[in-house]
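# okay, here's the prediction I keep looking at, along with the sequence it came from:
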Amino acid sequence: MALDGKLRYASIVLLVIGLLVSLYLTWVKLSNTSVVCGPFGDCDTVNSSQYSEIFGIPIAILGALAYLVILLLLFLENRGKFWCENGNFLVFGISLIGTLYSAYLTYIEVAILRAICPYCVVSAIAITLVMFISMVRLVKIQQEI
């Protein structure tokens, strides 16, 4: 498998992990149940805070949608000239926004809520790694031109 194929596969694995975390946190939020967090954090404080929603929409739903859109873009990138030429730029853009927003939410967790949600940390790491992988893929594309 070529390097780009491995990077694409790594992105897909990370996106599935992020999607599963987001779907779990969405279910917890919508069903009004407690997060299974174990001894590593205070997930309920984070998931029930005012910062866990935007205009009444749980952040986890927005995260799940972002992960799904990026997965779709990765599956479309070999299907047509537009997706081949622009798909990775779109992946980079969405993952950059996700990374910046995750950094903001991590700041909120640490500085304001003083509570950490390990699921949120996993999601932040996943989207950040997807962003870095897309950067590597963009550089590789530019070198081939």
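Thanks, I have the structure now.

# which helices and strands does the host helix or strand of Gly93 pack with?
According to DSSP states H and E, Gly93 maps onto helix 81-107. Contacts defined by 3 or more CB pairs under 8 Å, 6 or more residues apart in numbering; DSSP states H and E place helix 81-107 against helix 59-76, helix 118-144. All C-beta spots, glycine's among them, are computed from the backbone N, C-alpha and C.

# buried ones in that helix, by neighbour count?
Neighbour-count burial for helix 81-107, with 16 or more other CB atoms under 10 Å as criterion, is recorded at 83, 87-88, 90-92, 94-96, 98-99, 101-102, 105.

# quick one on the thing from earlier: what's the closest of the helices and strands packed on helix 81-107 to Lys29?
Nearest to Lys29 among these is helix 59-76 (5.8 Å), distances taken as CB to CB.

# elements contacting that closest one?
By 3+ CB pairs under 8 Å, 6+ apart, helix 59-76 packs against helix 3-31, helix 81-107, helix 118-144.

# what about that helix, distance to the chain center?
Its chain's C-alpha centre and that of helix 59-76 lie 8 Å apart, by CA atoms, centre = their mean, to the nearest Å.

# what angle do it and helix 3-31 make?
Per axes from the mean of the first three to the mean of the last three CA atoms, to 10 degrees, the angle that helix 59-76 makes with helix 3-31 is 150 degrees.

# for helix 59-76, buried residues please.
For helix 59-76, by 16+ other CB under 10 Å, it's 59-64, 66-67, 70-71, 73-74.

# so which of those is the closest to Thr26?
Distances from Thr26 to these, taken by CB to CB, are shortest for Ala60, at 4.1 Å.

# in space, what's closest to the residue nearest the centre of the chain - neighbours in sequence excluded?
Central residue of the chain (CA atoms, centre = their mean): Ile127, 3.7 Å from the mean position. Nearest residue to Ile127, sequence neighbours excluded (CB to CB, 6 or more residues apart in numbering): Gly98, at 4.1 Å.
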